[in-house]
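In: This is the structure alone, sequence omitted:
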Ligand code: HEM
């Protein structure tokens, strides 16, 4: 028989195999979808194959805005938590503030690990404090905490302050020409330069060259190729399978670029006895001082954590700056009051922006706090249960391996937590009013032992950049911006669907 003659039979076999495979997957999902019913927990009806995701999430490392819908459903039905599914994986969304505190703080020992795909075997250079598990994480956290102390921030303040110079030059150019600014790009260039400078000891030069390597790499991180999208998708559907297939969520070219830059820079410092005051030096010192110890801070730890600081540090801070500027442009009275405070406080400090001057600004800090309430850049904090856990006054036991999600955006937009939540009102965070906010529902930096280690640094770079802009420039929304901006679905870090363009005028 000819090959052509075999074709119908071959097609039949292929079709039968595909149908059988689909049926197996379907039966597996259908069984998984009975999980919360079997556990006696309330749940949201899932749909094949997404579970309760509202899109495939191929751009996302983890859950996105869909958790707002889960949260609303749980609240409407009066539940303190609700079961949902990420594809076929059971997920528990926590709604009650006391339960949130239990997961993140009080009973942290049951929830030590972050629900975030990583692949230690095939992608060792991306192992870091962000994804490390249990004991390994504890050790890393202990070692890295001093790197972000107030004293270290004070020392790095000037370095960050200098990084704002090119941004301010661009503001000056645009205020003269009258051209609107694509503000997301501008603040991303600033935070890229800051992290490039403090974490890598290099001038990233984002403002001087259109194809500055750090900025290109930064974009690559969040604009996934088809291959990365596939890896992200499989990682969300089945972690073990993605690990087995050697998948990685950070493109190899990105890791290699960082790794080479870091290694080269570290070698230069070591060979030439050069010491700098930056994050990289602090990590390098950690590596040097623990050489020879069995479970010391290895060179891979050094590289992996510098990369993690870049990834965790630049987009979160630039998103915060973007959203502060958006709200200030929409609320001219708040903008004026903020500028007034900046000028008054700076006057007290001899006209110089110092670490102490930033700490003295109260209204400015309220503006940032209110922005982080409405727009927490990390939309959800998700932890794996590592030891079975039963919530107080409930008979539902969370099993090992189940992901427990705390929805930061939903908490910030809940009218029970904040009256009229869609209104931007920094006075909610005035020293008197903020006492009435439950501490477990305002957690833009997470909470408990595994909260954001870079909080001080993030606030410092955000404040420095914003203060310089607001002090010197009046900002308004340019008509090219479709108002109001909408939040994008299917992404882990908060993003808007459209660009924000601002007009800038020198004050
Ligand atoms: C406004 C800026 C920032 C925001 C809103 C933010 C927010 C967060 C959140 C919500 C988490 C998860 C916390 C949890 O699971 O409880 C986190 C973790 C983390 N952040 Fe930030 N972050 C910011 C800036 C930074 C910066 C500048 C760095 C480093 C230079 C950084 C490094 C990290 C690291 C390493 C972790 C993981 C900590 C661990 O697992 O022990 N972040 N951040």
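Out: Perfect, I can see it now. From a predicted model like this one, the values you see are computed outputs, not experimental measurements.
In: Give the helix, strand or coil label for residue 320.
Out: The three-state label given to residue 320 by DSSP: H, G, I helix; E, B strand; the rest coil is helix.
In: for residue 382, same thing?
Out: Residue 382 is classified as strand under three-state DSSP.
In: What of the one 4 residues further on?
Out: Using three-state DSSP as the criterion, the local structure at residue 386 reads coil.
In: isn't it right next to residue 108, touching?
Out: No - contact criterion Cβ atoms under 8 Å: residue 386 and residue 108 do not qualify, at 10.1 Å. Glycine gets a C-beta too; all of them are placed from N, C-alpha and C.
In: what about residue 258, how many neighbours?
Out: Applying other Cβ atoms under 10 Å, we find 23 residues neighbouring residue 258.
In: my read: it touches residue 217, true?
Out: Yes - using Cβ under 8 Å, residue 258 makes contact with residue 217 at a distance of 7.4 Å.
In: Let me know the pLDDT of the spatially most central residue of the chain.
Out: By Cα atoms, centre = their mean, the chain has its centre lying nearest to residue 378, at 4.0 Å. Here the pLDDT value assigned to residue 378 is 96.
In: for the one 5 residues further on, same thing?
Out: pLDDT, the model's per-residue confidence, is 97 for residue 383.
In: which residues touch it?
Out: Residues in contact with residue 383, defined by Cβ atoms under 8 Å, 6 or more residues apart in numbering, are 103, 104, 111, 112, 113, 114, 115, 403, 404, 406, 450.
In: mind redoing it with 10 Å?
Out: Under the criterion of Cβ atoms under 10 Å, 6 or more residues apart in numbering, the contact list for residue 383 reads 94, 103-104, 108, 110-116, 402-406, 446, 448, 450.
In: distance of residue 153 from residue 94?
Out: 32 Å (Cβ to Cβ, to the nearest Å).
In: More neighbours: which of the two?
Out: Between residue 153 and residue 94, counting by other Cβ under 10 Å, residue 94 is the more crowded of the two (27 against 17).
In: The stretch 1-150 of the chain: helices as residue ranges?
Out: Counting by DSSP state H, counting those that start in this stretch, one finds helices in the stretch 1-150 of the chain at the ranges 3-32, 35-39, 66-76, 97-101, 134-144, 150-163.
In: Packing partners of the fifth one?
Out: The reference is to helix 134-144. Contact here means 3 or more Cβ pairs under 10 Å, 6 or more residues apart in numbering; DSSP states H and E; on that basis helix 134-144 packs against strand 113-114, helix 279-289, helix 299-330.
In: Strand 380-384 and that helix, what's the angle between them?
Out: Note on geometry: by axes from the mean of the first three to the mean of the last three Cα atoms, to 10 degrees, helix 134-144 and strand 380-384 are set 130 degrees apart in direction.
In: And the strands in this structure, which stretches?
Out: Assigned strands in the chain, in chain order: 81-86, 89-94, 113-114, 181-182, 380-384, 389-390, 397-398, 403-407, 473-477, 501-506 (criterion: DSSP state E).
In: Pull up the pairing partners for the last one, direction included.
Out: Next to strand 501-506 in the sheet, as set by DSSP bridges, lie strand 181-182 (antiparallel), strand 473-477 (antiparallel).
In: relative to helix 299-330, how tilted is it?
Out: Going by the same axes, to 10 degrees, strand 501-506 makes 80 degrees with helix 299-330.
In: repeat for the second one
Out: Between the direction of strand 89-94 and that of helix 299-330, the angle (the same axes, to 10 degrees) works out to 50 degrees.
In: What ranges does the stretch 401-507 of the chain have for its helices?
Out: Under the criterion DSSP H, counting those that start in this stretch, helices of the stretch 401-507 of the chain are mapped to 408-412, 455-472.
In: which one of those is the most hemmed in?
Out: helix 408-412 (a mean of 25; mean count of other Cβ atoms under 10 Å).
In: related to what we said a few turns ago, of the strands of the chain, which approaches the ligand most closely?
Out: strand 380-384 (4.2 Å; Cβ to the nearest ligand atom).
In: List the buried residues for that closest one?
Out: Residues 380, 381, 382, 383, 384 are the ones in strand 380-384 that count as buried (16 or more other Cβ atoms under 10 Å).
In: any bit of it sitting next to the ligand?
Out: Yes - counting by Cβ under 6 Å from any ligand atom, the ligand has neighbours in strand 380-384: residue 381.
In: Walk me through which strands that strand pairs with, and which way each runs.
Out: Using DSSP bridges, the strands paired with strand 380-384 in its sheet are strand 113-114 (antiparallel), strand 403-407 (antiparallel).
In: That strand vs helix 66-76, what angle?
Out: Going by the same axes, to 10 degrees, strand 380-384 makes 80 degrees with helix 66-76.
In: relative to strand 81-86, how tilted is strand 380-384?
Out: Orientation check (the same axes, to 10 degrees): strand 380-384 against strand 81-86 gives 90 degrees.
In: Please renumber the chain so that the first residue is 56 from this point on.
Out: Sure thing, new numbering starts at 56, so read that last one as strand 435-439.
In: pretty sure residue 86 contacts residue 145?
Out: No - the pair residue 86 / residue 145 is not scored as a contact, 11.4 Å apart, by Cβ atoms under 10 Å.
In: list residues touching both of the two?
Out: Listed contacts common to residue 86 and residue 145 are residue 93; contacts here mean Cβ under 10 Å, 6+ apart.
In: The two - which one has more neighbours?
Out: Between residue 86 and residue 145, counted using other Cβ under 10 Å, residue 145 has the larger neighbour count: 24 against 11.
In: coming back round to it: of all the helices of the stretch 456-562 of the chain, which one is nearest the ligand?
Out: helix 510-527 (2.9 Å).
In: Residue 154: which of the strands paired with strand 435-439 is closest?
Out: strand 458-462 (9.2 Å; Cβ to Cβ).
In: so of the helices and strands packed on helix 189-199, which one's packed in deepest?
Out: Highest mean neighbour count among the helices and strands packed on helix 189-199 (mean count of other Cβ under 10 Å): helix 354-385, with a mean of 23.
In: Report the inter-axis angle for that helix versus helix 334-344.
Out: Going by the same axes, to 10 degrees, helix 354-385 makes 160 degrees with helix 334-344.
In: re earlier: can I get the buried part of the contacts of residue 438 as one ChimeraX selection?
Out: Burial among these is assessed by 16+ other Cβ under 10 Å; the matching ChimeraX selection reads:
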select :149,158,159,165,166,167,168,169,170,171,457,458,459,460,461,501,503,505
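In: which residues are in contact with the helix or strand bottoming out on mean pLDDT in the chain?
Out: In the chain, no helix or strand scores lower on mean pLDDT, DSSP states H and E than helix 268-277, which sits at a mean of 82. Residues outside helix 268-277 that contact it (Cβ under 10 Å, 6+ apart): 114, 116, 240, 243-244, 246-248, 250-252, 255, 257-262, 264-265, 267, 283, 304-306, 308-310, 312-313, 316, 365-366, 369-370, 373, 546-548, 550.
In: I appreciate the help and will end here.
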